[in-house]
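S.K.: Okay, predicted coordinates and the sequence, questions at the end:
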Amino acid sequence: MRLRNVKGSRETIADNAYVVHDETAFKGKWREVFGNDHELRVEIGMGKGRFILEMARLNPEVNFIGIEKYSSVLVRAIEKQEEAQLPNLKFIRMDAEYICDVFAPGEVSYIYLNFSDPWPKDRHAKRRLTSTRFLARYVDMLAEGGGVTFKTDNRELFDFSLEQIEEAGWTKEIVTFDLHNSEYAEGNVMTEYEARFSAQGNPICMVKFHP
Ligand code: SAM
């Protein structure tokens with residue numbers, strides 16, 4: 001993703017009620033943040049937030065947390081949420097490397113990975129959010145019956161991810177190489193990148209899997 005430094009984004013985030021700042025303090029206590037015991041779903045690398053805002057709007061009985069590494073991107077999701085004011089949606093600005101410091105074992109019911117950064121160089125493969133290193137972290141966080149959905153238009157990253165899922169011993173429930181022309185298209189909520197790349201004619205790959 002091309003990053004522009006958005007002036008004042010750090011200050012906007014610091015003051016914003018939808019952003020949880022001391023995220024490690026809530027490990028095992030996310031119910032307190034939302035004031036209910038609804039299930040908790042997390043999108044890692046949510047970008048400007050189109051997907052998670054729509055998911056939160058469609059599923060008011062589910063709590064959502066969007067994680068994004070960069071302030072200049074997160075600030076765009078905050079702008080959307082300030083308009084929508086969804087009570088079931090919060091954000092964290094953090095690097096997903098440290099995700100196990102934030103969620104207790106079994107605290108998260110579902111994880112969404114949408115158009116994750118490909119890190120094309122082999123030596124950076126461990127940074128890919130679908131690498132076995134990350135899958136091991138997700139196993140810790142996920143509740144019984146939980147799972148992960150990953151979408152991308154990057155076929156190399158998708159093939160790598162399928163291999164990693166296999167290597168980690170997870171089970172694939174659904175695999176499609178052309179989501180929008182598949183039986184799974186109905187009810188699909190598009191992300192910013194998905195809308196852009198599918199408009200360019202790129203097929204969208206999706207895998208749903210669980211430990
Ligand atoms: N999910 C959005 C979509 O589909 O439109 C954004 C996709 S964009 C290619 C990937 C996003 O993931 C970027 O905003 C990037 O900053 C974020 N990201 C990448 N690695 C991350 C990490 N380790 N922790 C948190 N966010 C990360």
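M.R.: Perfect, thanks for sending it.
S.K.: for this structure, what spans make up the helices?
M.R.: 9-14, 30-34, 50-58, 71-84, 132-141, 155-167, 192-199 (DSSP state H).
S.K.: Given the strand ranked longest in the chain, what are its sheet partners and their directions?
M.R.: Under DSSP state E, the strand in the chain containing the largest number of residues is strand 142-152. Sheet pairing of strand 142-152 (DSSP bridges) gives strand 108-114 (parallel), strand 205-210 (antiparallel).
S.K.: Mind listing what's buried along the longest one?
M.R.: Residues 108-114 are the ones in strand 108-114 that count as buried (16 or more other Cβ atoms under 10 Å). For every residue, glycine as well, the C-beta is placed using N, CA and C.
S.K.: Over to stretch 6-14?
M.R.: 9, 12-13.
S.K.: Now render the strands paired with strand 142-152 as CSV, adding mean pLDDT and distance to Leu157.
M.R.: Shown next, in CSV, are these (pLDDT from 0 to 100; distance: least, Cβ to Cβ, whole Å):
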stretch, mean pLDDT, distance to Leu157
strand 108-114, 98, 10
strand 205-210, 98, 9
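S.K.: Give me the pLDDT value at the residue nearest the centre of the chain.
M.R.: The C-alpha lying nearest the average C-alpha coordinate of the chain belongs to Glu43 (Cα atoms, centre = their mean; 2.0 Å). We have a pLDDT of 98 for Glu43.
S.K.: now it: how far from Val207?
M.R.: Separation of Glu43 from Val207 (Cβ to Cβ, to the nearest Å): 16 Å.
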